[in-house]
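Asks: below are the sequence and a predicted model; questions follow.
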Amino acid sequence: MNVGVCVNFVSMETMEHKVKLVREQGFDTIQLLCWDPSLWTEENAVTMKQILEENGVQISAFWCGWEGPCTWNFYEGQKTLGLVPEEFREMRIKNLCDGSDFAHLLGVTDVVTHMGFIPENPYDPNFEPFCDAVRTVAQHLAGHKQYLLFETGQETPVTMLRCFEEVGCDNLGINLDTANLILYGKANPVDALDVFGRHVRNLHAKDGLYPINGHDLGTEVRLGDGKVDFRALFQKLKELGYDSYVTIEREIEGAEQAADILYAKEYLEKIISEVYGG
């Protein structure tokens, strides 16, 4: 099982430094995150592959952002995130398909995104059109033999599973963000594996606390300081036969982020070694 880290792609000029830094930190896999479609060019893909190869780093998945507004709370988030809001859907279908093309140029098979607050009610008039949009993107990815990964958080595990069943494509998967299920108050990540564990293809190792009001998400914290039981999580993943990527995500900046990432690496490797052996 490989422990990697998230890297934000905001410009080609900064990528060599970022890749060298993660290699110095002892990582050899990254999940590449990008919200700027203007960067998804063939020229940048060639340069990116060269930088990664020179530094002995591989991309486990491409986290594909989309254009338009996004507000990460329980109110405006309903109207702005993912493919759920009808007014942004067509544009974001194109964003995800373009991101898939860029990932294909990089040789990456897993494309991750947030889908938004998927309607809990299957009779909601927005549920089927949303599923149609997901199907359109998934079929595009299938042309590249890629998987479309939903990042967990904004929906309950059962709602995500229902969406998979409705879409009916065999290239849907899950990027399990261990903290998001808690931050959004949707589930315990360990128990959630009973519902959708067989679909997990990548994992954001992140920790957090439950919401304390009805408007704002819970608080992200350093690994081990929140509500995620990582030992129980990896025990369940082992039972499910999961032996793939674990990607550290710490959504702060500066020296504290670097320190927390290194702490998380040691924390995770110790637990994984004890649970999986070796």
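Replies: In hand now; what should we look at? All values derive from a computational prediction rather than experimental measurement.
Asks: which residues of the stretch 51-200 of the chain fall in strands?
Replies: 58-64, 110-113, 147-151, 172-177, 200-205 (DSSP state E, counting those that start in this stretch).
Asks: which residues does the first one contact?
Replies: Contacts with strand 58-64, where a contact means CB atoms under 8 Å, 6 or more residues apart in numbering, come from 2, 4, 6, 28-34, 52, 95-96, 99-100, 102-103, 106-108, 110-113, 149, 151, 175, 201-202, 244-245, 247. Glycine gets a C-beta too; all of them are placed from N, C-alpha and C.
Asks: where does pLDDT dip in the stretch 151-278 of the chain?
Replies: Judged against pLDDT under 70, the low-scoring parts of the stretch 151-278 of the chain cover residues 278.
Asks: related to what we said a few turns ago, possible to save the strands of the stretch 51-200 of the chain as TSV with mean neighbour count?
Replies: As requested, these are exported to TSV (neighbours: other CB atoms under 10 Å):
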stretch	mean neighbour count
strand 58-64	24
strand 110-113	26
strand 147-151	23
strand 172-177	25
strand 200-205	24
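Asks: dump those strands into a markdown table; add distance to Glu86 as well.
Replies: Formatted as a markdown table, these follow (distance: least, CB to CB, whole Å):
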| stretch | distance to Glu86 |
| --- | --- |
| strand 58-64 | 20 |
| strand 110-113 | 17 |
| strand 147-151 | 19 |
| strand 172-177 | 21 |
| strand 200-205 | 28 |
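Asks: among these, which is nearest Asp124?
Replies: strand 147-151 (17.6 Å; CB to CB).
Asks: tell me which other helices or strands that closest one touches.
Replies: strand 110-113, helix 127-142, strand 172-177, strand 200-205 (3 or more CB pairs under 8 Å, 6 or more residues apart in numbering; DSSP states H and E).
Asks: hang on, the earlier thing: right, and the strands of the stretch 51-200 of the chain - which one's nearest Arg231?
Replies: Among the strands of the stretch 51-200 of the chain, strand 200-205 sits nearest to Arg231 (CB to CB), with 12.6 Å.
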